[in-house]
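[1] model this:
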Amino acid sequence: MAKRSFFSQLRLVLLLLLLLVVSLNTWLSRVRTTDWQEPLWVAIYPINADQRADTQLYINSLQDDQFDDIEDFFTREASRYGVILDKPMEVFVAPEVEGQPPKPPIEASILESVIWSLKLRYWAWGNDTWNQVTSPDIKIYLRLFSVQNTHILEHSLGLQKGMIGVVNGFASVDYQAQNNFVTVHEILHTLGASDKYNLQNLPVWPEGYADPYQEPLYPQYRAEVMGGRMPQSSSFALIPTSMDQVVVGPKTATEINWPLEVIGAEGE
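    Now for the predicted structure:
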């Protein structure tokens, strides 16, 4: 009995030590990636999510420059907030990943969410095809589906703990801009930004609006990146078709540690 109690206590101590190490590593990553002293490396890991031949052809054609819109967006918006970096984000395509990430639980409890988060981080560790000496700061697993897919894509997600994102998109050049927009949204989640839309997928005023004080308020011609859409009325909003229509709002900037002292940043 005493022996069993000893091993139970030892197992608990080891678990607590593991959680401490993971928490410390997460905190250090958070501090380093949001001090904006050097460019962040983002690795895009393509996944053939439906195992179709046309999806595979698109994956085979992917190049780094197809994600230039992401780099350009961060360069433009960071500069607007006074971040002194010529290129705050660099995006690279990693070799294809064969496996599928664990799906998040539906209506999960806090414990179930924590367990799933650990599973995803463990899965990402075991499915890292990155072949460079320096590890990426942020990992985005891009699950691609054929444009012939008739099902609604699952919700994409980004985890600050672990700096991992899972993006669901379509395997077509016609959807590259949309895929890039969703990828940017999830990258910002990994950096600590929060969603700014409601259960109806409508941006929340004012923080979810790109121009919350324009008159008249509608239609909005730009989207706040974490609001996700351009409101055309109080009950209808459009998805942006280009990263040129997307901005980082003041609240999102604060969440990712961009300064607001720059003249004009608050009011743009």
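[2] going forward, measure contacts and count neighbours with C-alpha atoms only.
    Will do.
[3] What values do phi and psi take at the nearest residue to residue 140 once chain neighbours are set aside?
    The shortest distance from residue 140 to any non-neighbouring residue, by C-alpha to C-alpha, 6 or more residues apart in numbering, is to residue 165 (4.5 Å). Torsion angles at residue 165 (phi, psi; degrees, to the nearest 10) stand at phi -130, psi 150.
[4] and residue 165, what are its bridge partners?
    residue 140, residue 158 (DSSP bridges).
[5] I figured it hits residue 155, correct?
    No: the criterion here is C-alpha atoms under 8 Å, and residue 165 misses it with residue 155 at 11.3 Å.
[6] out of those two, which sits in the busier spot?
    A count of neighbours by other C-alpha atoms under 10 Å puts residue 165 above the other of residue 165 and residue 155, at 27 against 10.
[7] how near is the more buried one to residue 156?
    8 Å (C-alpha to C-alpha, to the nearest Å).
[8] centroid residue for this structure?
    Closest to where the C-alpha atoms of the chain average out (C-alpha atoms, centre = their mean) is residue 186, at 1.6 Å.
[9] which residue ranges form the helices in the stretch 151-268 of the chain?
    Along the stretch 151-268 of the chain, counting by DSSP state H, counting those that start in this stretch, helices occupy 176-190, 250-255.
[10] right, I mislabeled it, should have said the stretch 1-150 of the chain
    So, for the stretch 1-150 of the chain - with DSSP H, counting those that start in this stretch - the helices run 2-33, 53-61, 68-80, 110-126.
[11] mean pLDDT lowest for which of those helices?
    Of all the helices of the stretch 1-150 of the chain, helix 2-33 carries the lowest average pLDDT, namely a mean of 61.
[12] Report pLDDT for the residue lying closest to residue 169 once chain neighbours are set aside.
    Leaving aside its sequence neighbours, residue 169 sits nearest to residue 144 (C-alpha to C-alpha, 6+ apart; 5.0 Å). Residue 144 carries a pLDDT value of 98.
[13] wouldn't residue 144 be in contact with residue 170 here?
    Yes: proximity of residue 144 to residue 170 meets the contact threshold set by C-alpha under 8 Å, at 5.3 Å.
[14] Neighbour count for these two, which is higher?
    residue 144 (25 against 22).
[15] what residues are up against that one?
    46, 47, 48, 49, 50, 55, 168, 169, 170, 171 (C-alpha atoms under 8 Å, 6 or more residues apart in numbering).
[16] hmm, back to that, among the helices of the stretch 151-268 of the chain, show me which one is buried the most.
    helix 176-190 (a mean of 23; mean count of other C-alpha atoms under 10 Å).
[17] From the chain's centroid, how far away is that one?
    6 Å (C-alpha atoms, centre = their mean, to the nearest Å).
[18] Report the angle between it and helix 68-80.
    50 degrees (axes from the mean of the first three to the mean of the last three C-alpha atoms, to 10 degrees).
[19] Check which helices and strands helix 176-190 sits against.
    Packing partners of helix 176-190 (3 or more C-alpha pairs under 8 Å, 6 or more residues apart in numbering; DSSP states H and E): helix 68-80, strand 138-145, strand 157-159, strand 164-170.
[20] any chance of these in a markdown table, plus distance to residue 191?
    Converted to a markdown table, these look like this (distance: least, C-alpha to C-alpha, whole Å):
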| stretch | distance to residue 191 |
| --- | --- |
| helix 68-80 | 13 |
| strand 138-145 | 9 |
| strand 157-159 | 8 |
| strand 164-170 | 10 |
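[21] Which among those is found nearest to residue 197?
    Closest of the helices and strands packed on helix 176-190 to residue 197 is strand 157-159, at 14.3 Å (criterion: C-alpha to C-alpha).
[22] Give the buried residues for the closest one.
    Residues 157, 158, 159 are the ones in strand 157-159 that count as buried (16 or more other C-alpha atoms under 10 Å).
[23] that older thread, next, show the common contact partners of residue 165 and residue 156.
    What both residue 165 and residue 156 touch, as defined by C-alpha under 8 Å, 6+ apart, is the set residue 186.
[24] Fine by me, thanks again.
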